[in-house]
Structure formats: structure tokens, C-alpha cells
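Enquirer: Here is a sequence together with a model predicted from it:
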Amino acid sequence: MIGDKGLLGAGIGLALVVTTGFFAVQDAAGGDEGSRARSALTVIAPAAAGGGWDLAAREFQQATRTESIVNNVQVVNVPGAGGTIGLGQLARLDGEPTTVMVTGAAMVGGVEMGGSPVRLSDVTPIARLTDDFEVIAVPADSPWQTLDDFLRAWEEDPDIPVGGGSAGSPDHLVAGQLAEAAGLDPADLHYTPHAGGGELTISLLSDAGGTVRIGVTGFNDFRDLIEGGRLRALAVVAPERLDGFDIPTTAELGYPSVDLVNWRGLVAAPGIGDEDRAELLAITEEMYGADSWQEATDRNYWQPNWAGPEEFADFLADEEVRIRTLMTDLGLISGS
């Protein structure tokens, strides 16, 4: 048993966010040219506070502080465009050795969806840390008691909207896999994007009748509502049931192809030297092995899934192909 999101916008508001976030990173990470990561480290969370990337960044911050691995750790939120604004800022910090960024599957989708000129291959992989699981849930008063109940209704009415995070997010991709498993054309999926788990929850639980009756999102977004009985979880997209929750997996329900897992990892700026990369890796390894990080993984129902720089780089290359294929099948991007 085993115990991220947005589209590229335009206009003055986005420009202000980008500019403000960029100088925040510069001030926090680059103000002291003689500093090294053991003295001061900046962690970019490429999303607003409260989301999955922010949670991972702050758990990293807490663990490195608790274990006295780094003297001063700051988290800087740089939201927008499926994480690609944060990615672009990190790529501009060429050779800067005291900044890392949390990344994950949603960023791979964000790059493809928004046509970002910067890709994860343009920055320095440090390590993959954990897997983070998706859940498929309905309001407690829903007539769909099981996943099969929903799928039968969906076959009869393919226009039933499925809610989740931003277009191209892991939520969207899982919904596409589910449609395919149900015999529907993923390109015909009626997917309703939301800004985050909170907005999706409001839509699902609206007394006036929300825009969606079923949602797909990260387990932590719905955990309290599932525990409180306001939402009923139909399935988790995980290799095993989550400890303490009697929720079947998609595989045990007969849908092993519904298997996209969101993961969390760390990348650093491009152009850093071997010594600086080794220092960032050592910090991450020490944090990963600490009791406080193990407690965080248990608390957040993450699954440890370590990969060092070389293996992580290979994983990222494979993940780009996989997610690009899924997005093409969903009609989100061109297959050319």
C-alpha cells in the first residue's frame, strides 16, 4: 500500500507577472555572487501558491531547513502557462548555481500546448523525486456509484462534461485515456478546464448545479472532501490503493491503460558547472533520505520514485514523446 496548471495568456497583466516574478528570482538567487547552494538556495514553484508544485517546493524547503542541509531556502512562485513562464525564467539564469525549480508532467504538457520555445531539455536535470496520483470523483449525491456506472452513462451520452485542471494538464490527459478506455474518441471528449482544484470543487458542488458532474484532479485537491463525505472517489490512477482509503485503482477495475501519473522533480539552470551540479544533487540526495522528507511523502500520499540526473534526463525525453502522443490523440496539438 502506498500513501499543476494554466494556458499561455497575453496582455499587460501577464507581462507584469512575468517581469515581477523574474526580478524576484534574480533578487533572491543572484544577489550575492559569492554564494553557493549550501548557503542560500532559491526554489522556483512555477505555479501560484497552494497548488501541487507549490506544495512540493515548500516540503523541499521545510525538509532542507529541518535537517540543516541549507542555511537559507526561499520559495518563489512564478505562475502561468502550465509552468512554462517559470521554465523560461530559469533558462535565462544561465550558469546560476543556487536556483532549482520544481517540475512535473504538467510542465511537459504546458510546453507542448503553448508552443514554448524553452523545453525541459534546455535546463539541467537534477533528480526525479516522487509520483503524485490522480483521482476520479463525483459529488456524494451522484447517481454514479462506481466508475463503470459513469462509463455506461458516458457511452450513452458522450457530451457529458468532465472537469479538471487546465487544457493539456495531467487531469485532461487522464480524462482522455478514460474516454479511450470507454470506447469513445478522445478527440470528442467534452473537457471543461478549471483554474485549479478549488474552482473545480465549486463547480462540482454548486447548489445551483455546476458545469460538471465528474472531476479528475490530483488526489490532494480532493482528499479532505473525500474524507468528509462530500465527494465520492470512483477510482485512483495509481499502481496500488492509497493507504487508508478504500478506493479502487483504474487497473483493478479493468482499465490498465488509464495510467498517467503526475511526477515531481527538480531541475536547475543551464550552463552550471559539474561541481555546482554535484552540490545540488548532494543537497537533494540528503533531503530525499531525511526523515522529514519521508514524512512529507507519506503525508501527501506521494510515492518515492528517485532518478538521478542521467536517468531523469532519459525519463524526460521519453515523457515528452508519451505526452505529445496523448495530446495529439486528444486533438490538442497537431501531429505534424
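Expert: Cool, the structure landed.
Enquirer: alpha carbons only for contacts and neighbour counts from here, please
Expert: Will do.
Enquirer: and residue 327, that's in a helix?
Expert: Yes - assessed with DSSP: H, G, I helix; E, B strand; the rest coil, residue 327 lies in a helix.
Enquirer: Now do the host helix or strand of residue 55: which elements does it pack against?
Expert: Following DSSP states H and E, one finds residue 55 within helix 52-66. Helices and strands touching helix 52-66, by 3 or more C-alpha pairs under 8 Å, 6 or more residues apart in numbering; DSSP states H and E, are strand 40-45, strand 72-77, strand 99-104, helix 274-288, helix 291-299.
Enquirer: Report the buried residues of it.
Expert: 52-65 (16 or more other C-alpha atoms under 10 Å).
Enquirer: Next, the angle strand 40-45 makes with it.
Expert: Helix 52-66 and strand 40-45 are oriented at 160 degrees to each other (axes from the mean of the first three to the mean of the last three C-alpha atoms, to 10 degrees).
Enquirer: got a list of contacts for helix 52-66?
Expert: Helix 52-66 is contacted from outside by 4, 43-49, 70-75, 77, 101-104, 218, 264, 287, 290, 292-293, 296, using C-alpha atoms under 8 Å, 6 or more residues apart in numbering.
Enquirer: Pull out the buried residues from the residues you listed.
Expert: 4, 43-49, 70, 73-75, 77, 101-104, 218, 264, 287, 290, 292-293, 296.
Enquirer: wait, doesn't residue 76 sit right on residue 47?
Expert: No - in this structure, residue 76 is not within contact of residue 47 by C-alpha atoms under 8 Å, at 9.3 Å.
Enquirer: Residue 105 and residue 131, how far apart?
Expert: Going from residue 105 to residue 131 by C-alpha to C-alpha, to the nearest Å gives 10 Å.
Enquirer: Between the two, which has more neighbouring residues?
Expert: residue 105 (24 against 20; other C-alpha atoms under 10 Å).
Enquirer: Tell me which stretches of this protein form helices.
Expert: Applying DSSP state H to the chain gives helices spanning 12-30, 52-66, 84-92, 105-114, 147-156, 170-181, 197-205, 219-227, 274-288, 291-299, 309-329.
Enquirer: Would you format the ones you listed as CSV with distance to residue 233 and mean pLDDT included?
Expert: Converted to CSV, the helices of the chain look like this (distance: least, C-alpha to C-alpha, whole Å; pLDDT from 0 to 100):
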stretch, distance to residue 233, mean pLDDT
helix 12-30, 36, 43
helix 52-66, 19, 94
helix 84-92, 31, 96
helix 105-114, 22, 90
helix 147-156, 9, 96
helix 170-181, 15, 92
helix 197-205, 13, 87
helix 219-227, 7, 92
helix 274-288, 30, 97
helix 291-299, 19, 95
helix 309-329, 24, 94
